[in-house]
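Enquirer: Predicted model follows, preceded by the sequence.
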Amino acid sequence: MYTQARTSIRAQLMRLSLIIVAVSIALSLSGTMYLALRGEQEALDSNLLNSASILSQVPLVRQALQGELPADQLADYLDATTEQTSDIDLILVGDIHSTLLYVPDRALIGTTYSGTAQTGVLSGSSPYTSNETGPMGSDHSAYAPVRDEQGNVIGFVIVGVYFRSMALVAVGTVTRMLLVGLAAAVLGSLLALRLSRRIKQSLLGYEPDVFARQFHQREDILDALEEGILAIDGEKTVIFLNASAAEMLSLDRRAILGRPLHEVYPRSTLDRVLETGQAEYNVSMTSLRDIRVLSDRLPLYENGRLAGAVSIFRNRTELTRMADNLTGVSHMVEAMRAYTHEFMNKLHVILGLLQIGEPEKAQQYIMDTTQTQQVAVSRIMNQIHQPSVAALLVGKTSRANELGIRLRLDRESSLSEESPWLPPDAYVTVLGNLIENAIEVLNQSRGSTKEISVSIRESGESLLLCVEDTGPGIPAALRRTLFQRGISTKGRERGTGLALVQEVVEAYHGEIRVESESGVGTSFFLSFCRGELPAVKE
């Protein structure tokens, strides 16, 4: 039993999904963090600069620096401003001598600002930012000059945040990205799970390696078969050819896969199944001259739609040869038996003529008999070139003569040796059973005229077979069930001959018609046309 040592397709896809998400997060985190923190820094600088510029223009600040407002009122105002603004950690106000007029820590009011970053604004420069640490540990601050009504610098305003606040911003950004990555990982896992289910469904529930293993095993099994298998898709392209089929058709299987059927096998009619959608069984492939092959051709359906066709070849060369030989021998034995019986009767006539002293009449009788027999056999051999059929007709003629029945072959009849319509055994089955039925009916009939007429008309477009007798006709009650196996007027364990005839006609898509009139006779007409026949070509 196969042991599944490899990881399942679901685990592989989920692992791949997590790796892709992790690598994507790792690659994008650095760049995104840089851009995000840079954006946060720029936004923070802009906010600090705007706040510092606005505070530097507040009249209360100006009045406090000019000594027109008590320091307590300025402190209350700036305390409230700091509490209401979440992006500012502290505000400092100093005069032109760097003496602090406002500090959140009241103990530092009146002290001198220890830094040097304010020198720029005291000299009249525009607002700017600096990372200089202030008296309360401020790490990043914006500096703006405070001017009086004449535009002279009378002090400065510092608006700042601590590094810990900036760190919190960075941590918040990283946290958001990690949450997004986690959501992406969960989504990727769900999609991987769904994809793995869909893949397994398309592989009939198997893991890919198990499916590949079974596919190769089944391909080896198909290659080991003696039967050849050829398959095409809906576009008439060869999609499969096993080793036996390649050998029988003399084709290179690696060279023809994916190529049009008629490009690699011009005489094939397998694509006809795509047009009719009907299966064809036991079709003889006469396109193969050196071997005798029977083929079953079946349509392939996918979701109810005709998607291709497959042909299964069976090499029956030896069996067909043996069957043909056996069929010929049996009929020749029957002919010899009939000839022997007739010969003995004729010998008795000759012996009687000699005994009564009529040697001249005996000689004439011998010459007439020989000529009649020779003419009958010669006609059959000249018109029917298929050996098995000719032997059948000769044997049946002798049997009919033996019973006092005249069997004649229509003068317009003809049949080629390589007839494309039916294989020899099919001709023997059809004609042999119809003629034998007619002989048995006439042998039991009390009518004065006992004749059987056989007609075989072969052309490029059709094949017509006809067997007529002058018997009493078929009862009306029997006509509806005439071709059912076991139905007969001859007793039990009979009634297989016409059933076999019907099976041959159906197998080769022919038509059968029966005309019968009481006291006049019965006629069987069989027709095979090019448009209806699966022919005996592949």
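Expert: Sure, I can see it.
Enquirer: This protein - how does it break down into domains?
Expert: With domains defined by automatic domain parsing, the chain comprises 10-168, 226-315, 379-529.
Enquirer: How far off centre is the longest one?
Expert: In terms of C-alpha atoms, centre = their mean, to the nearest Å, the gap separating the centre of domain 10-168 from the centre of its chain is 70 Å.
Enquirer: again, but for the last one
Expert: Centroid separation for domain 379-529 versus its chain: 47 Å, with C-alpha atoms, centre = their mean.
Enquirer: Could you give the average pLDDT over it?
Expert: In this model, domain 379-529 carries a mean pLDDT of 82.
Enquirer: Check the burial of E511 by counting its neighbours.
Expert: 12 (other C-beta atoms under 10 Å). The C-beta positions use only the backbone N, C-alpha and C, and glycine is treated the same way.
Enquirer: Check H348 too.
Expert: Neighbour count of H348, defined by other C-beta under 10 Å: 10.
Enquirer: any idea how far Q364 is from it?
Expert: According to C-beta to C-beta, to the nearest Å, H348 and Q364 sit 17 Å apart.
Enquirer: For A183, which of the domains of the chain is the nearest?
Expert: Nearest to A183, of all these, is domain 10-168, at 9.7 Å by C-beta to C-beta.
Enquirer: ok, the host helix or strand of E468: who's next to it in the sheet?
Expert: Assigned by DSSP states H and E, E468 belongs to strand 462-469. Applying DSSP bridges, strand 462-469 is found paired with strand 451-458 (antiparallel), strand 521-529 (antiparallel).
Enquirer: which residues touch the first one?
Expert: By that I understand strand 451-458. Here strand 451-458 makes contact (C-beta atoms under 8 Å, 6 or more residues apart in numbering) with 383-384, 389, 393, 400, 405-410, 412-416, 419, 421, 431, 435, 438-439, 442, 463-470.
Enquirer: and what of the last one?
Expert: Surrounding strand 521-529, the residues in contact under the criterion C-beta under 8 Å, 6+ apart are 421-422, 430, 434, 438, 441, 461-471, 473-474, 501, 505, 508-516.
Enquirer: Just the C-alpha atoms of that strand, please, in PDB.
Expert: Output of strand 521-529 as PDB, limited to C-alpha atoms (Å, rounded to 0.1, in the frame of the first residue of the first chain):
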ATOM      1  CA  GLY A 521     -43.700 -16.800 -51.400                       C
ATOM      2  CA  THR A 522     -41.400 -14.700 -49.200                       C
ATOM      3  CA  SER A 523     -38.700 -12.100 -50.100                       C
ATOM      4  CA  PHE A 524     -36.000 -10.800 -47.800                       C
ATOM      5  CA  PHE A 525     -34.300  -7.500 -48.900                       C
ATOM      6  CA  LEU A 526     -31.100  -6.300 -47.100                       C
ATOM      7  CA  SER A 527     -29.600  -2.900 -48.000                       C
ATOM      8  CA  PHE A 528     -26.400  -1.100 -46.800                       C
ATOM      9  CA  CYS A 529     -25.800   2.400 -47.800                       C
END
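Enquirer: Give the buried residues for that strand.
Expert: Buried residues in strand 521-529, defined by neighbour count with 16 or more other C-beta atoms under 10 Å: 521-524, 526-528.
Enquirer: re earlier: out of the domains of the chain, the one nearest T175 is which?
Expert: Put simply, out of those the one that sits nearest T175 is domain 10-168, at 10.2 Å, with distance taken as C-beta to C-beta.
Enquirer: could you dump the domains of the chain to CSV with distance to G357?
Expert: Formatted as CSV, the domains of the chain follow (distance: least, C-beta to C-beta, whole Å):
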stretch, distance to G357
domain 10-168, 110
domain 226-315, 59
domain 379-529, 29
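Enquirer: Nearest to E360, out of the ones you listed?
Expert: E360 lies closest, by C-beta to C-beta, to one member of the domains of the chain: domain 379-529, at 25.5 Å.
Enquirer: want to throw the strands paired with strand 462-469 into CSV with distance to L55?
Expert: Shown next, in CSV, are these (distance: least, C-beta to C-beta, whole Å):
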stretch, distance to L55
strand 451-458, 116
strand 521-529, 107
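Enquirer: right, so of those, which gets closest to P299?
Expert: Nearest of these (C-beta to C-beta): strand 521-529, 22.3 Å.
Enquirer: What residues does V310 make contact with?
Expert: Counted by C-beta under 8 Å, 6+ apart, V310 has contacts 229-232, 240, 297-298, 300.
Enquirer: now with 7 Å?
Expert: Residues near V310 by C-beta atoms under 7 Å, 6 or more residues apart in numbering: 229, 231, 298, 300.
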